[in-house]
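1. fold the stuff below for me.
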Amino acid sequence: MSKGAFTKEGTPVNRPQRNSVFALMAFALLGVVFAAFSSYDFIAHLDRQVHSITCSYIPGLESADIQGTSGCHTVMMSPYSSVLRTLTWGGVPIALAALAVFAYLFFRALDLWLRQVEQDRGETRFLLVATLLPVVASAVYLYISYTIIGALCKLCVGTYVASLGVFISALLVNAGSAEQTPEGSSAPQYGLYFAEGLAFVFVPLMLYLALKPGYDIAPGDCGQLANPDDKYKVRVALHQSHGGTPALELLDPLCPACKAFSERLEASGLDKKLDLQAVLFPLDKECNWMVSESLHPGACGVSEALLCAGDQLPQVLKWAFDNQERLRNLAREDNTSIYEEIKKKFPKLGNCIGKPDVKTKLNRSLRWVVSNSLPVLTPQLYVNNQKLCDEDTDLGLEYALSRMLDQ
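-> Numbers count the residues shown, from 1 in each chain. Below is the predicted model of the structure:
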């Protein structure tokens, strides 16, 4: 057997084990690529503007998502894409931490491969334990994507595959190592490896925090209500909190952005600090003369249902949110059918919706919007009559809203 077929300790080289180390490096690099694209898309949005994002199993091959309709956009805008959101605008992206972890795993596997210490059970066991972090995190985020967010990100799937790949590869590497740790291996050595891992994560996070754009928007800079009084009693209560800060949302019940905003607000926990009411503003030409085309067909009928709902309002709004696409398609074919659908689901509202009184009330709701010279846009949130900037209703929600509540 040639000299190259032996390790530095003189033991024969385990070719399958060496191949497993190489596979681990390949999966770690794959994770780096997917996490890098996710991190780039997140960081691009820190300027508070709209950008296209990558959403492909092969990054760069498919067209970027410009409309914000992909699962990647939904996941990125969810409260689960970053941490520490109340401390800095947008928070710290999970993808950046994933990028650092995969880079570290590649470094550790490369070090193992170059030093030919695959037979060292201590070395391989440490590497195996290190791969548990991404595989456990992937399992948690896959569960969140399916059960809470309700959308799957293709880049995230790539990260999940990479996480599983490094874990299985590490299992195979560890299985092929010697049963006993060779002399010379020590706890301080693995402590150094752990410190290296912390450095791999800490350094890019510090650079991110140091280089990200600053936030210098003061509460009220984005406008305020000129005539906030509800003299026609057109508001409906969304979330009543004793002692909560008065807040008002401009709401279209069939608006996907309104649903997403409601979910983000609830997930942030900040809704519990708000005494939240809503003014209905359906972007539907059937009742709204401010739009030439119905952006959300059927929204007028559902808005009437909310005005009629009384104690049933939470149930009606949840039903509308859960069935937005179906209701829009139904109204697009025949607008009157939306009323039949509402009556079928909520029979008690049958004597109210479609009647002159509720149509007049909805019209007054629209005129309230006009009296305050508000843009034709939903959702909008006003806290103590001061507007939360439109750019802060997604990634920056927790940070910007917390500042408004603390003033």
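
2. CA only for contacts and neighbour counts going forward, please
-> Noted.

3. run a quick neighbour tally on residue 206.
-> As a burial measure, residue 206 scores 10 neighbours (other CA atoms under 10 Å).

4. check what pLDDT it gets.
-> pLDDT recorded at residue 206 is 96.

5. contacting residues around the one helix or strand it maps to?
-> Here residue 206 sits within helix 187-211, counting by DSSP states H and E. Outside helix 187-211, the residues that touch it by CA atoms under 8 Å, 6 or more residues apart in numbering are 92, 96-97, 100-101, 103-104, 126.

6. helices of the protein, residue ranges please.
-> 15-44, 71-77, 94-115, 121-144, 154-175, 187-211, 256-268, 299-309, 313-322, 324-333, 337-345, 356-371, 397-406 (DSSP state H).

7. redo the ones you listed as TSV? Include distance to residue 230.
-> Shown next, in TSV, are those (distance: least, CA to CA, whole Å):
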stretch	distance to residue 230
helix 15-44	39
helix 71-77	32
helix 94-115	43
helix 121-144	40
helix 154-175	46
helix 187-211	43
helix 256-268	22
helix 299-309	14
helix 313-322	19
helix 324-333	28
helix 337-345	27
helix 356-371	8
helix 397-406	22
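
8. ok, of these, where does mean pLDDT dip lowest?
-> Minimum mean pLDDT among those: helix 71-77, a mean of 88.

9. buried sites along that one?
-> 71-77 (16 or more other CA atoms under 10 Å).

10. check stretch 307-321 too.
-> 307-309, 313, 316-317, 320-321.

11. now that stretch, how far from the centre of its chain.
-> With CA atoms, centre = their mean, to the nearest Å as the basis, stretch 307-321 stands 26 Å off its chain's centre.

12. straight-line length of that stretch, end to end?
-> 16 Å (CA to CA, to the nearest Å).

13. what pLDDT does the model give residue 350?
-> 92.

14. so what's it up against?
-> 342-343.

15. what about it, distance to residue 320?
-> 16 Å.

16. before we move on, back to that, what's the closest of the buried residues of stretch 307-321 to residue 26?
-> Using CA to CA, residue 321 comes nearest to residue 26 of those, at 42.8 Å.

17. I'd say that closest one and residue 254 touch.
-> Yes - contact criterion CA atoms under 8 Å: residue 321 and residue 254 qualify, at 6.6 Å.

18. any idea how far the residue sitting nearest the centre point of the chain is from residue 381?
-> Nearest residue to the geometric centre of the chain (CA atoms, centre = their mean): residue 78, 2.0 Å. Computed as CA to CA, the residue 78 to residue 381 distance reads 18 Å.

19. how about residue 204?
-> Taken as CA to CA, the span from residue 204 to residue 381 is 34 Å.

20. higher neighbour count, the two?
-> Legend: neighbour count by other CA under 10 Å for residue 204 and residue 381, higher for residue 381 (23 against 15).

21. any idea what the closest residue to the more buried one other than its chain neighbours is bridged to?
-> Of all residues not flanking residue 381 in the chain, residue 249 sits nearest, at 4.5 Å (CA to CA, 6 or more residues apart in numbering). Counting by DSSP bridges, residue 249 is bridged to residue 278, residue 381.

22. can you pull the contacts of residue 249?
-> Contacts of residue 249 (CA under 8 Å, 6+ apart): 276-279, 379-382.

23. how about residue 18?
-> Residues near residue 18 by CA under 8 Å, 6+ apart: 113, 118, 173.
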